[in-house]
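> This is the structure alone, sequence omitted:
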């Protein structure tokens, strides 16, 4: 997908005149795959360590989480469309108590021959005692939910960027903690974040011992 130089020059000039950031780019596939493998290993280590969300009997039998193989087709360079109003929404949860989040914006990308949109949110406050900046929260469900992946949907986390450019990599999609332990209360994806296409990337269903 390489436009003629003249078209590329004109598009770049128009973007500059409009004050818009340049189109985001993806790192080479080998770098992204290596980074994902390190993330996956760290996630397995987290589940083996004290404070794991696993129940004691699950942790004793734990051999690692299940993931789809890394697939570059599910990594997208996207630009955030900011929300016109940062309204507060109440997401349903696995335990019934609503969770408040703030609408942050939307991502638009093409997959499976379709133009898809997902809303991204921000928690109203950081987890107590963490001292961490508020990350962006993207809960979603897709055509694999309830089959190869958790029926209640999966999550992506993103750090806010100053220019609105992001890498939306579904290979990092992970299960909420309520998958492993019912004492956790997990937000469920709103209707607008339920995709009709399959996202065969990220964490799969958890096989309980």
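Yes, it's here. The structure presented is a predicted model; accordingly, all values stated were derived computationally and were not measured.

> Give me the mean pLDDT for the lengthiest helix in the chain.
The longest helix of the chain (DSSP state H) is helix 29-48. What helix 29-48 shows for mean pLDDT is 96.

> so the one residue sitting closest to the centre of the chain is in which element?
Among the residues of the chain, the smallest C-alpha distance to the mean C-alpha position (CA atoms, centre = their mean) belongs to residue 156, namely 1.9 Å. Assignment of secondary structure by DSSP states H and E places residue 156 within strand 154-158.

> Would you mind pulling the contact partners of that strand?
For strand 154-158, the external contacting residues (CB atoms under 8 Å, 6 or more residues apart in numbering) are 120, 135-141, 145, 166, 168-170, 172-176, 202-203. C-beta: built from backbone N, CA, C; applies to glycine.

> redo that, cut-off 7 Å
135-140, 166, 172-176, 202-203 (CB atoms under 7 Å, 6 or more residues apart in numbering).

> Strands - which of those residues land there?
Assignment to strands by DSSP state E places the following of those there: 136-140, 166.

> related to what we said a few turns ago, how about the strand holding residue 156: buried residues?
154-156, 158 (16 or more other CB atoms under 10 Å).

> ditto for stretch 153-173
For stretch 153-173, burial by neighbour count (16+ other CB under 10 Å) applies to 153-156, 158, 166-173.
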